[in-house]
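Peer 1: Provided below are the primary sequence and the corresponding predicted coordinates.
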Amino acid sequence: MDLEDLLPAPDHVTRQSRWIAAPPDAVWDALHEIRLSCLPVTLVLGAVRFLPVVLAGSGREHLHDRPFLDALPVPLLSSERPRSVVFGGALQAWRLTGGEQSPALDAEGLHAWSEPGWVKAAMDFRLTPRGSGTELSSETRVVSTDDATRRRFARYWLIVAPGSTAIRWEVLTAVDVRTQRHAA
């Protein structure tokens, strides 16, 4: 599955990549082993983001340590070991308590979703053999379903995009460190 097929005309895109001196299988394993407790920046930013949700009486599951990939705000759509893992869904992330319950959508449903008042978000991690190692990359794409939501989300994204990027860099770095630790 490719993000270009899922969300071909995004409003917002971020991309990060890191070369890791290990084969794709080792990088894949490390990516899936990374837990929230190993990601201090992610923990702090997540706590800030989910505080209103927790104070409203829900979202306590966001506080538990678990694998990073299990903690993403959108569900898994595709996993192709050791090449890619793709997540995506409809969100109302700019709303203080997270908005309405997200609809359960598969890849085709997400691509077709057009109900006003939502953003469609997709994120991947790709593993590409490069020389004697692996390029681990992550891309996040977001597209709004209507103009009013596009404006609302753009203001929200202006604030959270640096944190989202920092989280991806932290994950890529943690995977590199974990892979090197396993190799030693």
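Peer 2: On my side now, so go ahead.

Peer 1: show me where the protein has strands.
Peer 2: Counting by DSSP state E, the chain has strands at residues 12-20, 76-80, 84-91, 119-130, 133-144.

Peer 1: count of neighbours near residue 155?
Peer 2: Look at residue 155: counted by other Cβ atoms under 10 Å, it has 9 neighbours. All C-beta spots, glycine's among them, are computed from the backbone N, C-alpha and C.

Peer 1: Is it in contact with residue 94, as I believe?
Peer 2: Yes. Look at residue 155 against residue 94 with Cβ atoms under 8 Å: they come within range, at 7.4 Å.

Peer 1: contacting residues for the closest residue to residue 79 other than its chain neighbours?
Peer 2: Among residues not flanking residue 79 along the chain, residue 85 sits closest, at 4.9 Å (Cβ to Cβ, 6 or more residues apart in numbering). Applying Cβ atoms under 8 Å, 6 or more residues apart in numbering, we find residue 85 in contact with 31, 69, 76, 78, 79, 124, 125.

Peer 1: In those, find the pair that's most separated.
Peer 2: Spanning the widest gap among the contacts of residue 85 are 31 and 78, at 14.5 Å by Cβ to Cβ.

Peer 1: Who has more neighbours out of these two?
Peer 2: Per other Cβ under 10 Å, whichever of residue 31 and residue 78 has more neighbours is residue 31, with 24 against 16.
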